[in-house]
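Student: Starting from these lines, generate the structure:
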Amino acid sequence: MLAKTSAVSHPNRPEPGKAGRDTPKRSAFTRFAQKVSHWTGQPATFIGAVGIIVLWAVTGPFVGFNDTWQLIINTSTTIITFLMVFVIQNSQNRDTTALHIKLDELISRLEGPREKLMDLEELDEEELERIRAEFEQRACRSRASRDEGSAAAGKAGDGEEVVKKDARKSPVRRRVAKPAGAGATRIPGRQA
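Tutor: All right, here's what the predicted structure looks like:
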């Protein structure tokens, strides 16, 4: 299914192999960070790094495990790690920003969620904790009402009509399917 999804053409994305006017403009560092992140995330790169360490360890007895031998690996790994922190942070910041934008778009299009939740990353810890506690209480109430509804309805089969009552609305008759599992997720703010 993943292969099918990736094969679907996106209107703002050029087709593979065709660089066009729709190609997003990226800074040189962004292009560099993306390439380095992609390259360092490959299994072959990991195997190569392990090979270098093994080669370094094997040369130890030939040089008498001297200070220069240790300094070579310590200095090189420290420099690589130091530089990779910036590359990884750049990639992480970009991915996080893109994810927030996508979630904000979904929140803005859904009926029911509060749009004030779209900039949660800008709030301080106390406000985030208050909102998290609110959602935790809503989840507990939802589980409790679902458990009570399941007990009252008995053993409802797949596709059976169930009448749900909401304190804000009149009874609504909906077709509901049996949940996929006990850990079925529920979107906050959406009515079941």
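Student: Flag the shaky bits of this protein, pLDDT-wise.
Tutor: Confidence mapping of the chain against pLDDT under 70 gives the ranges 1-23, 113, 152-192.
Student: which residues in it form strands?
Tutor: 161-166, 169-175 (DSSP state E).
Student: can you list the domains in this structure?
Tutor: For the chain, the structural domains run 25-113, 119-145, going by automatic domain parsing.
Student: Just put the ones you listed in a markdown table and tack on distance to A151.
Tutor: (Each C-beta comes from the backbone N, C-alpha and C, glycine too.) Converted to a markdown table, the domains of the chain look like this (distance: least, C-beta to C-beta, whole Å):
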| stretch | distance to A151 |
| --- | --- |
| domain 25-113 | 26 |
| domain 119-145 | 11 |
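Student: Could you export the ones you listed as JSON lines, including mean neighbour count?
Tutor: Shown next, in JSON lines, are the domains of the chain (neighbours: other C-beta atoms under 10 Å):
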{"stretch": "domain 25-113", "mean neighbour count": "12"}
{"stretch": "domain 119-145", "mean neighbour count": "11"}
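Student: any chance you could map the helices in the chain?
Tutor: Counting by DSSP state H, the chain has helices at residues 2-7, 28-40, 43-63, 67-109, 125-153.
Student: Which secondary structure elements does the longest one sit against?
Tutor: Judged by 3 or more C-beta pairs under 8 Å, 6 or more residues apart in numbering; DSSP states H and E, the packing partners of helix 67-109 are helix 28-40, helix 43-63.
Student: if we go to 6 Å?
Tutor: Using 3 or more C-beta pairs under 6 Å, 6 or more residues apart in numbering; DSSP states H and E as the contact test, the elements touching helix 67-109 are helix 28-40.
Student: Contacts for the helix it packs on next, please.
Tutor: Under the criterion C-beta atoms under 6 Å, 6 or more residues apart in numbering, residues 87, 90-91 lie in contact with helix 28-40.
Student: circling back to that earlier point, between the helices of the chain, which gets nearest to M118?
Tutor: With C-beta to C-beta as the measure, helix 67-109 is the member of those nearest M118 (4.5 Å).
Student: With adjacent residues omitted, what lies nearest to L103?
Tutor: Counting by C-beta to C-beta, 6 or more residues apart in numbering, L103 lies nearest to M118, which is 7.9 Å off, once chain neighbours are set aside.
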